[in-house]
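S.K.: sequence and predicted structure below; questions after.
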Amino acid sequence: MGEEVEAQMKRIEATKGVIGTLVVDPDGVPIRSTLDQSMTLQYAGQLRQLVILARSAVRDIDPQNDLSALRVRSKSNEIIVVTALVYIQSPSKV
């Protein structure tokens, strides 16, 4: 990974409330993660499907547009997907 990506990940990881970060390739395969193996695979697999559906919905609305970021919030976590970078944070600590 490039130095710029590494620096960006360190900034995100230092943010209060961030639980973990994950970098995936275009096929959704994890490249780097601060989560344990099982959580990494779980997030990578589920988020890939969600990103595909969200991208499809955006393109259905406007074929000239594309998905650039996705944010999903639950009671326990908030997941932000930007390009190939995923980070999970606790919404109560933001």
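M.R.: In hand now; what should we look at?

S.K.: distance from the chain centre to the longest helix seen in the chain, please.
M.R.: Looking across the chain with DSSP state H, the single longest helix is helix 37-61. Put simply, helix 37-61 sits 9 Å off its chain's centre (C-alpha atoms, centre = their mean, to the nearest Å).

S.K.: buried residues, that helix. List them.
M.R.: For helix 37-61, the buried set under the neighbour-count rule, 16 or more other C-beta atoms under 10 Å, comprises 40, 43-44, 47-48, 51, 54. In short, each C-beta sits where N, CA and C put it, glycine included.

S.K.: pull the contacting residues for Gln49.
M.R.: With contact taken as C-beta atoms under 8 Å, 6 or more residues apart in numbering, Gln49 is in contact with no other residue.

S.K.: ranges for the strands of this protein?
M.R.: Per DSSP state E, the chain carries strands over the ranges 18-24, 30-33, 69-73, 78-82, 85-89.

S.K.: would JSON lines of those strands with mean neighbour count be doable?
M.R.: Listed next are the strands of the chain as JSON lines, based on neighbours: other C-beta atoms under 10 Å:
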{"stretch": "strand 18-24", "mean neighbour count": "20"}
{"stretch": "strand 30-33", "mean neighbour count": "16"}
{"stretch": "strand 69-73", "mean neighbour count": "12"}
{"stretch": "strand 78-82", "mean neighbour count": "18"}
{"stretch": "strand 85-89", "mean neighbour count": "21"}
